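K.L.:
With the input below, show me the fold.
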Amino acid sequence: MKNITYSYILVMAQFLLILILLYINESIFTNSLSMFISLSGFFVGIYAITYNKISNFNIVPEIKKEAQLITQGIYSYIRHPMYFSVLLIMLGVICVQIDILNIFIYALLVFVLYLKAKKEEFLWSNKSNEYKKYQKKTKMFIPFLL
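P.N.:
From the prediction side, this is the model:
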């Protein structure tokens, strides 16, 4: 959990899985449902950015030295809205053609993002008692559910 190499492996796995899904699927613009789901994910990401500073974001699941805990906006419902955004966008991508391969790769992506989130949460929990309280009030990825 503490090794930075692990963090970089998770990021590489995330991008590899996303690239594979984008490569093996048709454009989301060929299917209305796919486009709606992916655009919803895009807007969730934009909404999250409005409550968080770009300087606070880190693609690697490590806590930046100057990072601040954000608990307003979408962050008052879920702790990882950017991961939720990626999951929605990619769900739209696999909805173009739902098959076993797409579902398997998407499930791997969910697992990788879960591992990234757990790593971040471990680091935040060690850094801040406020984060432990925040965890009790919010869900990890999906508002009111998970």
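K.L.:
List of residues touching the helix or strand harbouring Lys136?
P.N.:
Assigned by DSSP states H and E, Lys136 falls within helix 129-137. Applying Cβ atoms under 8 Å, 6 or more residues apart in numbering, the contact partners of helix 129-137 are Leu69, Thr71, Ser76, Arg79, Glu121, Trp124, Ser125. C-betas here are computed from N, CA, C, even on glycine.
K.L.:
distance between it and the chain's centre?
P.N.:
19 Å (Cα atoms, centre = their mean, to the nearest Å).
K.L.:
Likewise for stretch 60-79?
P.N.:
Distance, centroid of stretch 60-79 to centroid of chain: 12 Å (Cα atoms, centre = their mean).
K.L.:
and the contacts of helix 129-137 as CSV, adding pLDDT and secondary structure?
P.N.:
Listed next are these as CSV, based on pLDDT from 0 to 100; DSSP: H, G, I helix; E, B strand; the rest coil:
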residue, pLDDT, secondary structure
Leu69, 86, coil
Thr71, 88, coil
Ser76, 91, helix
Arg79, 93, coil
Glu121, 92, helix
Trp124, 89, helix
Ser125, 88, helix
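K.L.:
Show me the two of those residues that sit farthest apart.
P.N.:
By the measure Cβ to Cβ, Ser76 and Ser125 form the most distant pair in the contacts of helix 129-137, at 18.6 Å.
K.L.:
Please spell out which residues along the helix holding Lys136 are buried.
P.N.:
Neighbour-count burial for helix 129-137, with 16 or more other Cβ atoms under 10 Å as criterion, is recorded at Tyr131, Tyr134.
K.L.:
wait, doesn't Tyr83 sit right on Phe141?
P.N.:
Yes - using Cβ atoms under 8 Å, Tyr83 makes contact with Phe141 at a distance of 6.1 Å.
K.L.:
ok, the most centrally placed residue in the chain - contacts?
P.N.:
For the chain, Tyr83 is the residue whose C-alpha lies nearest the centre (Cα atoms, centre = their mean; 0.8 Å). Listed by Cβ under 8 Å, 6+ apart, the contact partners of Tyr83 are Leu113, Lys116, Ala117, Phe141.
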